[in-house]
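1. Predicted structure and sequence below. I'll ask about it afterward.
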Amino acid sequence: MQKNIAIIMGGYSSEYIISLQSGEVVHNYLNKEKYKPYKIHIFKEKWVYVDADNNETPVDRNDFSITLNEHKIYFDCVFNAIHGSPGEDGYMQAYFELLKIPITGCGFYQSALTFNKRDLLSVLKPYGIKSATSYYLNQGDEVRENEIITKVGLPCFVKANKAGSSFGVSKVTTREELIPAIETAYNEDDEIIIESFLDGTEVSVGVITYKGNVKVLPITEIVSENEFFDYEAKYLGKSQEITPAGIPDEWTQKVSEVAEKVYRILKMKGFSRSEYIFVDGEPHLLEVNTTPGLTEASILPQQAQQAGISLSMLFENAIEEALNQKL
């Protein structure tokens, strides 16, 4: 008997367009003999089921059900394809946990922690996970330019603390660029992290739970045509994503071990994709994504295919892992 799968997509952040693309890919690749997928669009102004003709049916948020032809439909599992809030910051995970509906990926605490770059790096630091020197700002704080530059140096990166897809990120090379970069970051979040520039090779490491075991996927080397791996580089073809990465075997082993260590420290489940920059042969963590892009061109699906895992297998595994978890 087919299981009803709600594929949630959209979201409240600037990443909603990418999320809709990911959700469509999941819908298209799911095994229709085993699963009956429903596309659920989650936006601030509406939660709706969207059918093949783009007709919309409201979702009953009391039990996360929909009513079609006077028949109430409940879901066996939720496939989370929302990048950014509320799918990657813990809100949807907590909601579904309260409703006792399985959802793919990690729990609400892991989602919230990894989405907050400052908190994530602070939690991992005692475990020896290396990262850039950083400076924190909250909206309304006095901006002490000398203090910031003394601590992190120039060039540096100004980032929105809780945002993905490189929204609200600027590379700052001169003092004059600092304030505009801070204002750009505040457009995405009221918290900022300013980090020292790490000059080195950037890689992306996928770690997933596959058939009950933690699995590190083949590593991707990021070669951006732009100054850094920004939105254009990620989604508009302004980068080379080389899988497997053309880095020394020693580096591959080292970053694989670090990425798996991070996954286990955080007690992760489901998908994760973490970004590192090698400085003097040592991987420095930039961030961890728990709902990475899932289109055919996205990094984690590329890595999975290199490991012999098709998109259909990847998505089915995510659902089965969620269904097997005790709520």
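-> Alright, I've got the coordinates.

2. gap between the closest residue in space to residue 138 that isn't next to it in sequence and residue 62?
-> Distance criterion C-beta to C-beta, 6 or more residues apart in numbering; nearest residue to residue 138, sequence neighbours excluded, is residue 191 at 5.5 Å. Quick note: C-beta positions are derived from backbone N, CA and C, even for glycine. Computed as C-beta to C-beta, to the nearest Å, the residue 191 to residue 62 distance reads 32 Å.

3. Neighbour count: those two, which is higher?
-> residue 191 (21 against 7; other C-beta atoms under 10 Å).

4. so how far is residue 295 from the more buried one?
-> In terms of C-beta to C-beta, residue 191 sits 29 Å off from residue 295.

5. Domain map for this structure?
-> 3-104, 113-130+199-324, 134-196 (automatic domain parsing).

6. contacting residues around residue 68?
-> Residue 68 sits next to 49, 57 when contact means C-beta atoms under 8 Å, 6 or more residues apart in numbering.

7. So what does it have for phi and psi?
-> phi -120, psi 130 (degrees, to the nearest 10).

8. Surely residue 205 touches residue 274?
-> Yes - with contact defined as C-beta atoms under 8 Å, residue 205 reaches residue 274; the gap is 5.2 Å.

9. Give me the common contacts of the two.
-> Counting by C-beta under 8 Å, 6+ apart, the common neighbours of residue 205 and residue 274 are residue 259.

10. who's more crowded, these two?
-> residue 205 (29 against 25).

11. Same question for the more buried one, what's its three-state structure.
-> strand (DSSP: H, G, I helix; E, B strand; the rest coil).

12. Give me the nearest residue to it, chain neighbours excluded.
-> residue 259 (4.0 Å).

13. got it, and residue 115?
-> Using C-beta to C-beta, 6+ apart and skipping residues adjacent in sequence, the residue nearest residue 115 is residue 89, 4.2 Å away.

14. And the strand or helix carrying residue 215, what's buried?
-> Assigned by DSSP states H and E, residue 215 falls within strand 213-216. Across strand 213-216, burial judged by 16 or more other C-beta atoms under 10 Å covers 215, 216.

15. now whatever helix or strand comes next after it: how far from the chain's centre is it?
-> Going down the chain from strand 213-216, the next helix or strand is strand 220-224, by DSSP H and E. The chain centre lies 17 Å from the centre of strand 220-224; the measure is C-alpha atoms, centre = their mean, to the nearest Å.

16. Give me the sheet partners of strand 220-224 and which way each runs.
-> strand 201-210 (antiparallel), strand 239-242 (antiparallel) (DSSP bridges).

17. one step back: alpha carbons of whichever strand or helix holds the residue nearest to residue 205, in PDB - could you do that?
-> Following DSSP H and E, one finds residue 259 within helix 249-265. Only the C-alpha atoms of helix 249-265 are listed here, as PDB (Å, rounded to 0.1, in the frame of the first residue of the first chain):
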ATOM      1  CA  ASP A 249      44.500  11.700  -0.400                       C
ATOM      2  CA  GLU A 250      45.700  12.900   3.000                       C
ATOM      3  CA  TRP A 251      43.400  15.900   2.900                       C
ATOM      4  CA  THR A 252      40.500  13.700   1.700                       C
ATOM      5  CA  GLN A 253      40.900  11.400   4.700                       C
ATOM      6  CA  LYS A 254      41.300  14.300   7.100                       C
ATOM      7  CA  VAL A 255      38.300  16.300   6.100                       C
ATOM      8  CA  SER A 256      36.200  13.100   5.900                       C
ATOM      9  CA  GLU A 257      37.100  12.300   9.400                       C
ATOM     10  CA  VAL A 258      36.300  15.800  10.600                       C
ATOM     11  CA  ALA A 259      32.900  15.900   8.800                       C
ATOM     12  CA  GLU A 260      31.900  12.500  10.300                       C
ATOM     13  CA  LYS A 261      33.100  13.700  13.700                       C
ATOM     14  CA  VAL A 262      30.900  16.800  13.500                       C
ATOM     15  CA  TYR A 263      27.900  14.700  12.300                       C
ATOM     16  CA  ARG A 264      28.300  12.300  15.300                       C
ATOM     17  CA  ILE A 265      29.000  15.100  17.900                       C
END
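
18. Compute the mean per-residue pLDDT across that helix, please.
-> Helix 249-265 shows a mean pLDDT of 98.

19. what angle do that helix and strand 201-210 make?
-> 50 degrees (axes from the mean of the first three to the mean of the last three C-alpha atoms, to 10 degrees).
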